[in-house]
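In: Need a 3D model of the sequence below.
(chains A and B)
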Amino acid sequence: MLLEVKREARELIIKALGFEIEVPLEEPRQGYGDLATAVCFSLAKKLKKPPVEIAEELASRIDLSRARFIERVEALNGFINFYLNFNALAEAVVGEILEKGGEYGKGRPKGERIILEHTSANPDGPLHIGHGRNAIIGDALARILRFSGYEVTTQYYLNDMGKQLAVVVLGLRRLELDRSSKPDHAIAQVYVEANKMVEAQPELQEELSLLMRAYEAGEKEVVEEFRSAAEYCLRGIKETLSRLGIAHDLFTWESEFVRRGDVDDVVERLRSTKYAREDGVLYLDLEEFGIEKELVLRRSDGTYLYATRDIAHHLWKAKLGKLINVWGADHKLLAKQLSAVLRILGEEEPEFIIYEFISLPGGKMSTRRGVFISLDELIDEAVSRAYAEVAKRRPQESEEFKASVAESVGIAAVRFNIVRISPEKAMVFRWEEALDFERQGAPFIQYAYARATRILEKAQPPSSFKVRELTENERALVKLLASFPEVVSQAAEQRRPSMLASYLIELATAFHRFYMFDPVLRSEHRDFRLNLVKATRSVLGSAMRLLGIPVLEMM
RNA sequence: GGACUCGUAGCCUAGCCUGGACAGGGCGUCGGCCUUCUAAGCCGAAGAUCGCGGGUUCGAAUCCCGCCGAGUCCGCCA
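Out: Residues are numbered from 1 along each chain as shown, chains lettered A, B, ... in the order given. This next block holds a predicted model:
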């Protein structure tokens, strides 16, 4: 809806001007109108007049007689500020939201399929908080893209041909798997122990490479060992993801591409390109693409590398749709190489969402050394912290209520604290910060929703309402509600879920303020306000669902 | 050493792609608001040379160059 208002503003300017020009519009701070444009500055040179004069002349020529949403313009400091007719806007926006409900803000079907790869952690232990960042960003993006009109398939690429899984298998041959603990944690225990063994007994290296070769060759018993180990670990990983509300549509195994011959095929294709070099090893010279590092495809012993298998994997995926990968910053080089190779092969390059690392105050995490904070730990701590809060605030409520609210609040806090930070910022994990449910955090948003719900429980909004002069808080709310569709599409196109997080904070803030100053039930504007509350609740709910934040009716 | 990313108040962060009017929030600190729809809320105060230096521009947190600091990568590992 705000888009329509902006279109109206542009048209007014162009009509007054008498010629086409790009009109940038911004949302100014308090005191400078509801929309503003600095177009007069760019016109200054062309018209050879100072911006202030242009603005004044232009403003005086704007004809508002047929405008729907703009009721006043002013020229100030060379800017043209627009003041909106909030009565008209409120009526239109609230009406549209109540009519469309959860469909409000949804994009038209784009007819485009996207394969969104995220998480893809090695099956050698539980997800740690770094994988959590991947999964949470990836899942939010998937939800946003779907809402925005794309057909999205989320995919987990399972790296089963690496040394890690071989180490796990080696460990399982001589260590007892702790069946009493969560599967992924039990596997991690074996993995850490087995790594120590391999380090202490170098002769085990031989067994490791034997294992890997047997697996690649598809020896039945070995395949069984690898698969059951990986699947066992994956069971635990899926459990964690599911607790966060995350599920993948598709799991693909790295080994498929080797056994099916896809890797052989693509290597052959690449070997015949002008980028191929062979001197014992087969590699690609990608300098033309600004990549210094040569990309080795096949070792001197004839075996393939991870990157080679990933090329086959991506070539396969590229047939299914547009590719987006959520990858850690350590994979930046591989991302560049892969893009170059797909280009060589005549396929569209994948898009990468690269997120920087989450480190511990003491340094990097390492599954191998057992130095990491698992997502499970983080969730458990967050939920128990949330439980303490509910118990303190709602002591009279049932145990069941407290436990279920705590679960939702804990999950919401974990997801929100991660998704709200831009992926390109490196994070240092500190328990105090992770468990500090800051004022404008997830509970703040959930609470806004619960407050709206409570009001509506007491009175249903009538189907028709009159809009009178709006309060400042109502205006802020209406404007935010009007901008939701634009926020969604921008977050989708720019692939930035964090934009929705900022929006949600703003919307919840506006609602809490409204709640504080503008009583609903006892108001003479009750009819309109009830509808406004309903509309706000609806959009809050939509936005929360887009970030995977559990919605609570009561807390 | 090279490549990429980041550097905004004591701490965390938005804005940077698409340059505009006194740089938004939050935590923490200090001071207020519950006989009124749940105070997980609201209001106010103090706190910023937007890492440093140059350039482009009427105008730079935003674009360009250099420097400094941090992270990541630079395996015939995955």
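In: is the lowest-mean-pLDDT helix or strand in chain A anywhere near RNA strand B?
Out: Counting by mean pLDDT, DSSP states H and E, chain A has its least confident helix or strand at helix A:39-47, which shows a mean of 88. Yes: if you take CB under 7 Å from any atom of the strand as the test, helix A:39-47 does meet RNA strand B, through A:Phe41, A:Ser42, A:Ala44, A:Lys45. Every C-beta, even on glycine, is put in place using the N, C-alpha and C of the backbone.
In: From these, pick the one nearest RNA strand B.
Out: Here the nearest of the residues of helix A:39-47 next to RNA strand B to RNA strand B, counting by CB to the nearest atom of the strand, is A:Phe41; it sits at 2.7 Å.
In: ok so, going back, filter the residues of helix A:39-47 next to RNA strand B down to the buried ones.
Out: Those of the residues of helix A:39-47 next to RNA strand B that meet the buried threshold are A:Phe41, A:Ala44, by 16 or more other CB atoms under 10 Å.
In: tell me the mean pLDDT for the helix or strand following the least confident helix or strand of chain A?
Out: Heading C-terminal from helix A:39-47, the first helix or strand you meet, by DSSP states H and E, is helix A:51-61. Model confidence over helix A:51-61 averages 93 on the pLDDT scale.
In: Is any residue of the following helix or strand past helix A:51-61 near RNA strand B?
Out: Heading C-terminal from helix A:51-61, the first helix or strand you meet, by DSSP H and E, is strand A:70-76. Yes: using CB under 7 Å from any atom of the strand, strand A:70-76 comes into contact with RNA strand B via A:Leu76.
In: Buried residues in the next helix or strand after strand A:70-76, which are they?
Out: Note on strand A:70-76: by DSSP H and E, the next helix or strand toward the C-terminus is strand A:79-84. By neighbour count, with 16+ other CB under 10 Å as the criterion, the buried positions of strand A:79-84 are A:Phe79, A:Ile80, A:Asn81, A:Phe82, A:Leu84.
In: Same question for stretch A:532-548.
Out: Neighbour-count burial for stretch A:532-548 flags A:532-544, A:546-548 (criterion: 16+ other CB under 10 Å).
In: close enough to count as contact, A:Leu323 and A:Ile353?
Out: No: counting by CB atoms under 8 Å, A:Leu323 stays clear of A:Ile353, with 11.3 Å between them.
In: State the number of residues packed around A:Glu433.
Out: 11 (other CB atoms under 10 Å).
In: Tell me which residues touch A:Val266, please.
Out: A:Thr308, A:Ile311, A:Ala312, A:Leu315, A:Leu345 (CB atoms under 8 Å, 6 or more residues apart in numbering).
In: which SS state does the third one fall under?
Out: Secondary structure of A:Ala312, reduced to three states by DSSP: H, G, I helix; E, B strand; the rest coil: helix.
In: so it touches A:Asp262, yeah?
Out: Yes: contact status for A:Ala312 versus A:Asp262: in contact at 4.1 Å, counting by CB under 8 Å.
In: What is the longest helix of chain A by residue count?
Out: The longest helix of chain A (DSSP state H) is helix A:220-243.
In: Which positions within that helix qualify as buried?
Out: When burial is assessed from 16+ other CB under 10 Å, helix A:220-243 yields the following buried residues: A:222-223, A:225-227, A:229-230, A:232-234, A:236-238, A:240-241, A:243.
In: what's the most distant pair in those?
Out: Of all pairs drawn from the buried residues of helix A:220-243, the one with the longest distance (CB to CB) is A:Val222 and A:Arg243, at 32.7 Å.
In: follow-up on the earlier one: and the buried residues of strand A:79-84, which is closest to RNA strand B?
Out: A:Phe79 (3.5 Å).
In: contacting residues around that closest one?
Out: Contact analysis of A:Phe79 by CB under 8 Å, 6+ apart lists A:Pro28, A:Tyr32, A:Ala36, A:Thr37, A:Ala38, A:Cys40, A:Ala55.
In: Swap in 6 Å and give it another go.
Out: Contacts for A:Phe79 were tallied using CB atoms under 6 Å, 6 or more residues apart in numbering; they are A:Ala36, A:Ala38.
In: Could you check the pLDDT of it?
Out: What the model reports for A:Phe79 is a pLDDT of 94.
In: count of residues packed around the residue in the stretch 101-250 of chain A positioned nearest to RNA strand B?
Out: The shortest separation between the stretch 101-250 of chain A and RNA strand B is 2.3 Å, found at A:Gly162 (distances taken as CB to the nearest atom of the strand). Here the neighbour count serves as a burial measure; for A:Gly162 (other CB under 10 Å) it reads 15.
In: for the closest residue to it other than its chain neighbours, helix, strand, or coil?
Out: On the basis of CB to CB, 6 or more residues apart in numbering, the spatially nearest residue to A:Gly162 that is not a chain neighbour turns out to be A:Asn122, at 6.3 Å. At A:Asn122, secondary structure determined by three-state DSSP is coil.
In: swap in A:Arg537?
Out: For A:Arg537, the secondary-structure state derived from three-state DSSP is helix.
In: again, but for the one 4 residues further on
Out: The local conformation at A:Gly541, judged by three-state DSSP, is helix.
In: try A:Ser422
Out: Recorded secondary structure, A:Ser422: coil (three-state DSSP).
In: Then A:Ile144?
Out: Secondary structure assignment for A:Ile144 (three-state DSSP): helix.
In: residues contacting it?
Out: Contacts of A:Ile144 (CB under 6 Å, 6+ apart): A:Ala491, A:Ala492, A:Pro497, A:Leu546.
In: The last one falls within a helix, correct?
Out: Yes: the assignment for A:Leu546 is a helix, going by three-state DSSP.
In: and it, how far is that from A:Leu540?
Out: When distance is defined by CB to CB, to the nearest Å, A:Leu546 is 11 Å away from A:Leu540.
In: Repeat that for the third one.
Out: Per CB to CB, A:Pro497 is found 16 Å from A:Leu540.
In: just to revisit the earlier point, and the pLDDT for the residue of the stretch 101-250 of chain A closest to RNA strand B?
Out: You'll see A:Gly162 listed with a pLDDT of 91.
In: Over to A:Thr509?
Out: For A:Thr509, the predicted pLDDT is 97.
In: and what of A:Leu456?
Out: Model confidence at A:Leu456, expressed as pLDDT, equals 97.
In: Just the strands from the stretch 201-350 of chain A, written as ranges.
Out: Read by DSSP state E, counting those that start in this stretch, the stretch 201-350 of chain A holds these strands, from start to end of the chain: A:250-253, A:276-279, A:281-284, A:295-298, A:322-328.
In: possible to save the ones you listed as TSV with mean neighbour count, distance to RNA strand B and mean pLDDT?
Out: Formatted as TSV, the strands of the stretch 201-350 of chain A follow (neighbours: other CB atoms under 10 Å; distance: least, CB to the nearest atom of the strand, whole Å; pLDDT from 0 to 100):
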stretch	mean neighbour count	distance to RNA strand B	mean pLDDT
strand A:250-253	16	12	97
strand A:276-279	12	7	94
strand A:281-284	20	4	96
strand A:295-298	20	4	96
strand A:322-328	21	7	98
